[in-house]
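> Compute the structure for the input listed below.
(chains A and B, ligands or ions: 1)
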Amino acid sequence: MMTVDTARAGHMLEQAHWAARGYSTFDAATVQRIVAAVADVAYANSQRYAEWAVQETEMGVVADKVRKNQACSKGLLEFYAGQDFVSPRVQVQQKMVQIPRPAGVVLAITPTTNPVASVYFKVLLSLMTRNAVVVAPHPRAKECCADAAGLLGRAAEEAGAPIGIVQVVDEPSIPLLTALMKDERTDVIVATGGSDVVRAAYSSGNPALGVGPGNVPVMVDHTADLKAAAERIVASKAFDNSVLCTNESVLVVEESVSSQLERAMAHAGAHVLDQESTDRLRSYMFFGGHLNTDVVGKDASWIAEQAGFRVTAKTRLLVAPIESVLPDDPMTHEKLSPVLALVRVPDVQRGIGACRAVVRIAGAGHSAAIHSEDPRTIMAFTAGVPVLRVAVNIGASTGCSGLGTNLAPSMTIGTGFVGGSSIGDNLEPAHLLNWAKIAYNADISAPMDSFAGLDPAHAPSGRTPAYPMASNATHSSISASALGARVEAAVSSRLPHGATEQFRDEIRQLVAEELSQLLKG
Amino acid sequence: MMHDYGSFSFDSKAEVLERSKEYWNPDKTQFWSNAGVDLVIDKREGYFLWDMDGRRLVDLHLNGGTYNLGHRNPEVVAAVTAAMEQFDIGNHHFPSVARTALAERLIQTGPVGLTRVAYASGGGEAIDIALKSARHATQRRKIVSIVKAYHGHTGLAVSAGDDRFSKMFLSDRPDEFIQVPFNDLGAMERALIGRDVAAVIMETIPATYGFPLPEPGYLEGVKALAGRAGTLYIADEVQTGLMRTGELWGITKHGINPDVLVTGKGISGGVYPIACVLLSDRAGKWLTEDGFAHMSTFGGAELGCIAALKTLEITTRPEVRSMVHYIADLFGAGLAEIRGRYPDWFTGIRQNGVIFGLEFNHPEGAKFVMRQLYEHGVWAIFSTLDPRVLQFKPGILMNDALCDEVLDRVEVAVQKSRDDARTGSGTAA
Ligand SMILES: Cc1ncc(COP(=O)(O)O)c(C=O)c1O
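Model prediction:
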């Protein structure tokens, strides 16, 4: 179905394609300058967008979103400092030279849970690798995301990036997203969101880097520093009220240390529920086996109140003891809220079994955490639980996302083949480009020429694209920018583009209906 | 192979040509055969045309911008198709929803000072309306245009143009229609000094004359002179409008707010004819005095208005404006490269946005190039009033792969046409 919105979005991709073509010729110094300028602006606005995101989505915690925004701006810049995704790499030993080839147009689908951090992250990764990016935010976070993407795009252009290098769909909808994903001008889709969105990305016919949902088990064994483990788990679950897909979902603890751990957690701000409250919580949080999306990213005390019991306002986390990890109990599923299921097991071996069961329910290829001092247990755990990253003695929310570990800091967690994804790592710049390889005859008798100092990239000579001055314009006549201003002045008004209000209303309604099923983002 | 078009059919292209000569226009039909351009357009889509023989051509003629958005642009076609459930041409005597909506949009997006819209069925009629409006507003009769001007073939428009088209029909009126050389402000000043000229009519870049560019300051000077002489400035933006210069109206790049602006051709996406005249309060005075003074059954046809609204919406998308700048940049650089390889033959490039006049070193040079382009899959036309110059008019929605392909084809055609011109083979028509 071609609507005004889809047609215009197609033109966004087209413009992005032109921008990517221009940008792919830029040299490392220019790219670095652009990336730094964008990261600076992003960083400076961390607080503002954290507040805006919480207000718009009614999810998460401002202070934690600030931290994520900072990590996804300056943090990224620092993490990748010194890495060059632009210049050729000469490998004299192998008699090869590699030249980076950017993907082109990245379609970045961003979720409602980590809205602006994801925009920052995907925009910066795209810019580092000389791609253009079209951001398609979740409808429930569209305003803060559109504003942030717009700001980053302007910063990029002011620093010399081609016009249209960062664009954003300001009225996202399911049909529009589908059209964008299928459009041949999309070179790669980076999809973060509900599993429906990810599956749609993979079935679009375009290359996609989609990641599956998480459902993170965390195991604490008898060797662990229980006080530290308790504090870390509570902090991790409280972090942005558990909206990161790497947040702990089910805590598996060895019986022998369980009550000690629970006491320490209570001390750190957790509230361990009794049977009755657990039942109330379960029936409030799930109906028909589905998560009540109202709870996503909400405070623990608010959730308790909705469920029909009271906890103190300072409570950061609700711990719901359950008997065993069976899929029939919805508490074993992903909850994206400061609610943690708790299972006590007799020994490590059965603990690993329980964690396997958690991941079997959901979250294959995603993340897990373990608190232990025994490398044999950690090894057995990692071998046994089919995930692709195990955070050790650190909270999973941040640790598996590369905050506080040396994993790549990322808002997009690859779940690998086991998790139905084409990438198994935390998404990083390297995923957004290919390398063209110059390969010489390996025979010793065939010499390899020197490529020292050769680089096909260059600094742009001016604006990309140049403003279309008449070819007989003289230097004494008017400058391009003055000409632009003159045209603005000569035109009485530019209309708001796109659809009429009534049409927009129809779209909005349609979107609301379609999205109600997969709002979990 | 039978060519079945539903309500009619032909056995072959040869049959079409034969009957075209018999029933339609023998001279024109023969002209193209002689020129080596044996084109009868069959299928058309995007920036491609297919000859009846099945050969594909990239359209860089675009009928002067009519197919700016490509042939049968799917958005425009969808808008008109949907509208046909409810609309037809309408009744030109009455106020109409479509005419009102389009007029409002044209004024909102147009140069400052233009306040009303009058409609025509085509560019020529629109030019006539512009000239009549100026005559009424000033109560003067004279019209000044440039030597080699081309504004269409209707009554007043044809008189304002080169006498190549007016004399034959005894429609040249040199006493009322004065022509001055382009880019000559002195001549313009002399023409206006008597304060008896109703309007100066200028194409922002004269298309049919091969897109010679106004020298910096020329149009601005003309506007100033006209203002001083109480003469209206009519901007014919039929070919230079609609984002072809990288701005919606080429004239705004000169900082000129014309008294009248005429648009046609591409305004309705090539699917339904309409042309529009945007008038200032002064120029549009007759619309408040006697609204029946100009009438045209098909002028402002409602289906045309709907096509135009959609076209205007697409054209004014910021993404599209930016794309035009990219296309202009790519072709500018690519053509300059080719020119650098054939400097003795390909002697100059006139460019403003995606409007190009390519100059060749032969009085009929563009005809050689046109023919070789045609042989190599591109349809672009020479300039009728200066056949040294090829009109090169890429569409505003062309993608970069097609731009690259066109440049490859141009390179071959430029080389081969140079050889043709040297040996005198493949003579121009
Ligand atoms: C600049 C200009 N003005 C006016 C016209 C007349 O338009 P039409 O052929 O629709 O009558 C043309 C047609 O080629 C033109 O190029």
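
> Regarding the residue nearest to residue B:154 when sequence neighbours are not counted, which helix or strand does it belong to?
Once flanking residues are discounted, residue B:154 sits nearest to residue B:124: 3.5 Å by Cβ to Cβ, 6 or more residues apart in numbering or on different chains. Quick note: C-beta positions are derived from backbone N, CA and C, even for glycine. Of the helices and strands defined by DSSP states H and E, residue B:124 is found in helix B:123-138.

> Residue B:27 too?
Judged by DSSP H and E, residue B:27 forms part of helix B:26-34.

> now residue A:151
Per DSSP H and E: helix A:142-158 holds residue A:151.

> next SSE after that helix?
Sequence order places strand A:166-168 as the next helix or strand after helix A:142-158, per DSSP H and E.

> Show me which positions of stretch A:189-203 end up buried.
A:189, A:190, A:191, A:192, A:193, A:194, A:195, A:197, A:198, A:200, A:201, A:202 (16 or more other Cβ atoms under 10 Å in any protein chain shown).

> residue nearest the centroid of chain A?
residue A:411 (2.9 Å; Cα atoms, centre = their mean).

> Tell me what angle the longest helix seen in chain A forms with helix A:142-158.
Of all segments of type helix in chain A, defined using DSSP state H, the longest is helix A:4-23. Between the axes of helix A:4-23 and helix A:142-158, defined by axes from the mean of the first three to the mean of the last three Cα atoms, to 10 degrees, the angle is 30 degrees.

> Would helix A:4-23 count as contacting chain B?
Yes. Shown here: helix A:4-23 in contact with chain B (Cβ under 8 Å from any Cβ of the partner chain) through A:4, A:7, A:8, A:11, A:12, A:14, A:15, A:17, A:18, A:19, A:21, A:22.

> If you count neighbours, what's buried in the one helix or strand residue B:188 maps to?
Remark: residue B:188 resides in helix B:185-192, with elements defined by DSSP H and E. Going by neighbour count (16+ other Cβ under 10 Å), the buried part of helix B:185-192 is B:185, B:187, B:188, B:189, B:191, B:192.

> ok, the second one to the ligand distance?
When distance is defined by Cβ to the nearest ligand atom, to the nearest Å, residue B:187 is 21 Å away from the ligand.

> how long is stretch A:307-317 from one end to the other?
By Cα to Cα, to the nearest Å, the extent of stretch A:307-317 from end to end equals 14 Å.

> on that earlier part again, contacting residues around the residue nearest to residue B:154?
B:151, B:152, B:153, B:154, B:157, B:158 (Cβ atoms under 8 Å, 6 or more residues apart in numbering or on different chains).

> what pLDDT does it get?
Note on residue B:124: pLDDT of 98.

> ok, now residue A:31?
According to the model, residue A:31 carries a pLDDT of 98.

> try residue A:421
So, for residue A:421, pLDDT stands at 86.

> any idea how far the residue nearest to the centre of chain A lies from residue A:9?
23 Å (Cβ to Cβ, to the nearest Å).

> What is the burial count for the closest residue to the ligand within the stretch 51-200 of chain B?
Relative to the ligand, the nearest point of the stretch 51-200 of chain B is residue B:123 (2.1 Å; Cβ to the nearest ligand atom). By the measure other Cβ atoms under 10 Å in any protein chain shown, the count of residues near residue B:123 is 26.

> Would you agree it is in contact with residue B:268?
No. Assessed by Cβ atoms under 8 Å, residue B:123 is found out of contact with residue B:268, at 11.4 Å.

> what residues are up against residue B:257?
Counted by Cβ under 8 Å, 6+ apart, residue B:257 has contacts A:490, B:111, B:112, B:113, B:114.

> about what we covered before: and the contacts of residue B:124 near the ligand, which?
Of the residues in these, proximity to the ligand by Cβ under 6 Å from any ligand atom holds for B:151, B:152.

> Show the contacting residues for residue 295.
Assuming you mean chain A. Per Cβ under 8 Å, 6+ apart, neighbours of residue A:295: A:284, A:285, A:303, A:306, A:335, A:336, A:337, A:339.

> right idea, wrong chain: chain B
B:92, B:93.

> For the stretch 251-400 of chain B, which segments count as helices?
B:286-289, B:302-315, B:318-341, B:365-375, B:400-423 (DSSP state H, counting those that start in this stretch).

> Same check on the stretch 351-500 of chain A?
All helices of the stretch 351-500 of chain A, identified by DSSP H, counting those that start in this stretch, fall at A:375-384, A:396-399, A:480-490.

> shaky segments in the stretch 301-429 of chain B?
B:426-429 (pLDDT under 70).

> Quick one, grab the pLDDT at the residue of chain A found nearest the ligand.
The ligand sits closest to residue A:470 of chain A, with a gap of 17.4 Å, by Cβ to the nearest ligand atom. Residue A:470 is assigned 94 on the pLDDT scale.

> what does residue B:238 give?
98.

> Could you report the neighbour count for it?
Neighbours around residue B:238, by other Cβ under 10 Å: 29.

> how does the chain divide into domains?
As the question left the chain open, I've gone with chain A. Here the domain parsing of chain A from automatic domain parsing is A:15-211+A:427-437, A:216-407, A:480-520.

> my question was about chain B
Using automatic domain parsing, chain B is parsed into the domains B:11-72+B:318-423, B:75-315.

> residues in contact with the nearest residue to residue B:195 once chain neighbours are set aside?
Among residues not flanking residue B:195 along the chain, residue B:229 sits closest, at 5.1 Å (Cβ to Cβ, 6+ apart). By Cβ under 8 Å, 6+ apart, the contact list for residue B:229 reads B:192, B:193, B:195, B:197.

> Now list the buried members of those.
B:192, B:197.

> Quick check: residue A:188 vs residue A:451, distance?
Counting by Cβ to Cβ, the gap from residue A:188 to residue A:451 is 28 Å.

> Tell me which of those two has more neighbours.
Set residue A:188 next to residue A:451 and count neighbours by other Cβ under 10 Å: residue A:188 wins out with 22 against 15.

> surely that one meets residue A:107?
Yes. The criterion here is Cβ under 8 Å, and residue A:188 meets it with residue A:107 at 7.2 Å.

> Overlap of the contact sets of those two?
Shared contacts of residue A:188 and residue A:107, counting by Cβ under 8 Å, 6+ apart, come down to residue A:206.

> quick one: pLDDT of residue A:495?
So, for residue A:495, pLDDT stands at 38.

> cool, and residue A:289?
81.

> go on, the one 4 residues further on?
According to the predicted model, the pLDDT of residue A:293 comes to 91.

> Any idea how many residues pack against it?
18.

> Dump the contacts of residue B:257 to CSV, plus pLDDT and secondary structure.
Shown next, in CSV, are the contacts of residue B:257 (pLDDT from 0 to 100; DSSP: H, G, I helix; E, B strand; the rest coil):
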residue, pLDDT, secondary structure
A:490, 64, helix
B:111, 96, strand
B:112, 95, coil
B:113, 97, coil
B:114, 98, strand
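
> chain center to stretch B:324-340, what's the gap?
21 Å (Cα atoms, centre = their mean, to the nearest Å).

> okay, it in PDB with CA atoms only?
This file holds the C-alpha atoms of stretch B:324-340, laid out as PDB (Å, rounded to 0.1, in the frame of the first residue of the first chain):
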ATOM      1  CA  VAL B 324      18.000  17.300  -6.900                       C
ATOM      2  CA  HIS B 325      21.200  18.900  -5.400                       C
ATOM      3  CA  TYR B 326      22.900  15.600  -5.400                       C
ATOM      4  CA  ILE B 327      21.800  14.800  -9.000                       C
ATOM      5  CA  ALA B 328      23.000  18.200 -10.100                       C
ATOM      6  CA  ASP B 329      26.300  17.700  -8.400                       C
ATOM      7  CA  LEU B 330      26.900  14.300  -9.900                       C
ATOM      8  CA  PHE B 331      25.900  15.300 -13.500                       C
ATOM      9  CA  GLY B 332      27.800  18.500 -13.300                       C
ATOM     10  CA  ALA B 333      31.000  16.700 -12.300                       C
ATOM     11  CA  GLY B 334      30.400  13.700 -14.700                       C
ATOM     12  CA  LEU B 335      29.700  15.900 -17.700                       C
ATOM     13  CA  ALA B 336      32.700  18.100 -16.900                       C
ATOM     14  CA  GLU B 337      34.900  15.000 -17.000                       C
ATOM     15  CA  ILE B 338      33.600  13.900 -20.300                       C
ATOM     16  CA  ARG B 339      34.000  17.400 -21.700                       C
ATOM     17  CA  GLY B 340      37.600  17.300 -20.500                       C
END
